[in-house]
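Colleague: Need coordinates for the following:
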Amino acid sequence: MSKIDNILNTATKVQRNWNNKQVALFHYFNPNGIRAQKKITDAQIDALVEAGKAKNGAYFAYGALNSFYTDDLLALVSKQRVSRIALEITIRGIRRDIDVASKFIQEKQNEQG
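Modeller: Model prediction:
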């Protein structure tokens with residue numbers, strides 16, 4: 001298995017010897033990366049809106065249309081060289097988006113039952 005195949009598909013976490021570009025690739029494409037985690041909360045937001053438990057604005061505030069940092073991650077993946085600071089800010093932003101969405105999801109689930 002090639003190193004890039006490992007990064008994109010099978011790695012379970014970021015390795016210390018990876019460069020910033022490889023870390024960005026992991027988080028964008030790997031099923032264990034942060035983008036995959038955001039997709040899970042996006043799907044939960046979709047389900048809440050479709051069930052009528054949340055308003056359509058939840059898509060923009062918490063769901064798939066809240067994509068500022070994921071768009072930044074795609075931009076970083078597209079670059080030859082990735083800045084460590086830009087990568088850390090982007091990953092931190094996606095984590096914050098996931099945390100805020102998770103709290104919203106929990107609140108809506110608690111309201112229902």
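Colleague: Now the residue most central in space within the chain: closest residue in space, sequence neighbours ignored.
Modeller: Closest to where the C-alpha atoms of the chain average out (Cα atoms, centre = their mean) is Arg35, at 2.9 Å. Distances taken as Cβ to Cβ, 6 or more residues apart in numbering place Tyr28 nearest to Arg35, at 5.2 Å, with adjacent residues excluded. In short, each C-beta sits where N, CA and C put it, glycine included.
Colleague: Low-confidence regions, this structure specifically.
Modeller: 112-113 (pLDDT under 70).
Colleague: can you give me the strands for it?
Modeller: When secondary structure is read from DSSP state E, the chain shows no strands.
Colleague: List the buried residues in the helix ranked longest in the chain.
Modeller: In terms of residue count, the longest helix belonging to the chain (DSSP state H) is helix 84-112. Buried positions in helix 84-112, judged by neighbour count with 16 or more other Cβ atoms under 10 Å: Ala86, Leu87, Thr90, Ile91, Gly93, Ile94, Asp97, Ile98, Ala101, Phe104, Ile105, Lys108.
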